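[1] Give me the fold of what follows.
(2 chains)
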Amino acid sequence: AQKVTQAQTEISVVEKEDVTLDCVYETRDTTYYLFWYKQPPSGELVFLIRRNSFDEQNEISGRYSWNFQKSTSSFNFTITASQVVDSAVYFCALSGQGGSEKLVFGKGMKLTVNP
Amino acid sequence: NAGVMQNPRHLVRRRGQEARLRCSPMKGHSHVYWYRQLPEEGLKFMVYLQKENIIDESGMPKERFSAEFPKEGPSILRIQQVVRGDSAAYFCASSPDRGRGLTFGPGTRLTVT
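    I've put the predicted structure just below:
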């Protein structure tokens, strides 16, 4: 069975601090996809990234970066120089072979960035 | 190019009533997925539909819940005889094909009083 664990449930930081959100996953599939979504207070889901299990390159997009480590089954997300607008619940998710649509989500991590 | 549309955005029902949640996928998308987010939880897969077919309903509760995606019109998630435990956010997502990723709608927040 597939499983996603986000051990941190809530983090509070001060603006401009860097913050890393941890994600550990379990799967028996050899091909799978990993995702991060952001859910701001307004409630919608905002797609951040999708990563194929064969692509272990780290990715950077502006202040966001992702560290995929297959050896430790982790897909951590770092926000550099956090801003108040980053305050949201962040979800890590996993899907298996056959498509990337049936997602298993972690329980989410609530990030609060204080001015 | 409108995204995934869901309505209503907020729905209040009394225990025992029926709830109907609608989802219009993005233009050109024929695959629809429903997910449920209980309070303080992550999203959980409920059902995957293509036009006129239920492909995977492994996440649907066995009773009171049903889903359809007719040839014409939106996908409907129907909850009969709602109970307080059905209070949640229900998200619809669509995809043009398998392996092409999901676009989520804004969700419908159901409150059962």
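
[2] how many other residues sit next to B:Gln50?
    14 (other C-beta atoms under 10 Å in any protein chain shown). Yep, even glycine has a C-beta here, placed from its N, CA and C like the rest.

[3] isn't it right next to B:Ser30, touching?
    Yes. In this structure B:Gln50 lies within contact range of B:Ser30 using C-beta atoms under 8 Å: 5.7 Å.

[4] now the closest residue to B:Thr111 other than its chain neighbours: how far from chain A?
    Leaving aside its sequence neighbours, B:Thr111 sits nearest to B:Val12 (C-beta to C-beta, 6 or more residues apart in numbering or on different chains; 4.9 Å). From B:Val12 across to chain A, the span is 16 Å (C-beta to the nearest C-beta, to the nearest Å).

[5] Report the closest residue of chain A relative to chain B.
    A:Phe105 (3.4 Å; C-beta to the nearest C-beta).

[6] related to what we said a few turns ago, which secondary structure element contains the residue nearest to B:Thr111?
    Per DSSP states H and E: B:Val12 is located in strand B:10-13.

[7] Show me what secondary structure element comes after that strand.
    Downstream of strand B:10-13, the first helix or strand assigned by DSSP H and E is strand B:19-24.

[8] which other residues reach that next one?
    B:4-8, B:11, B:13, B:32, B:34, B:74-79, B:82, B:86, B:90, B:92, B:94, B:105, B:108, B:110, B:112 (C-beta atoms under 8 Å, 6 or more residues apart in numbering or on different chains).

[9] so does the lowest-mean-pLDDT helix or strand in chain A get close to chain B?
    In chain A, no helix or strand scores lower on mean pLDDT, DSSP states H and E than strand A:59-61, which sits at a mean of 86. No. With C-beta under 8 Å from any C-beta of the partner chain as the criterion, chain B is not reached by strand A:59-61; the gap is at least 15.7 Å.

[10] what about the residue of chain B found nearest chain A, neighbour count?
    Relative to chain A, the nearest point of chain B is B:Gly42 (3.4 Å; C-beta to the nearest C-beta). Residues lying near B:Gly42 (other C-beta under 10 Å) number 21.

[11] on that earlier part again, isn't the residue of chain A closest to chain B right next to B:Lys44, touching?
    Yes. At 7.1 Å, A:Phe105 counts as touching B:Lys44 under the criterion of C-beta under 8 Å.

[12] which of these two has more neighbours?
    More crowded of A:Phe105 and B:Lys44, by other C-beta under 10 Å: A:Phe105, with 21 against 15.

[13] List the contacts of B:Pro39.
    Per C-beta under 8 Å, 6+ apart, neighbours of B:Pro39: B:Ser87, B:Ala88.

[14] Kindly report the residues of chain A close to chain B.
    A:4, A:37, A:43-45, A:47, A:50, A:91, A:93, A:98-108.

[15] Mind doing that once more with 7 Å?
    Those residues of chain A that sit near chain B, judged by C-beta under 7 Å from any C-beta of the partner chain, are A:43-45, A:50, A:91, A:99-103, A:105-108.
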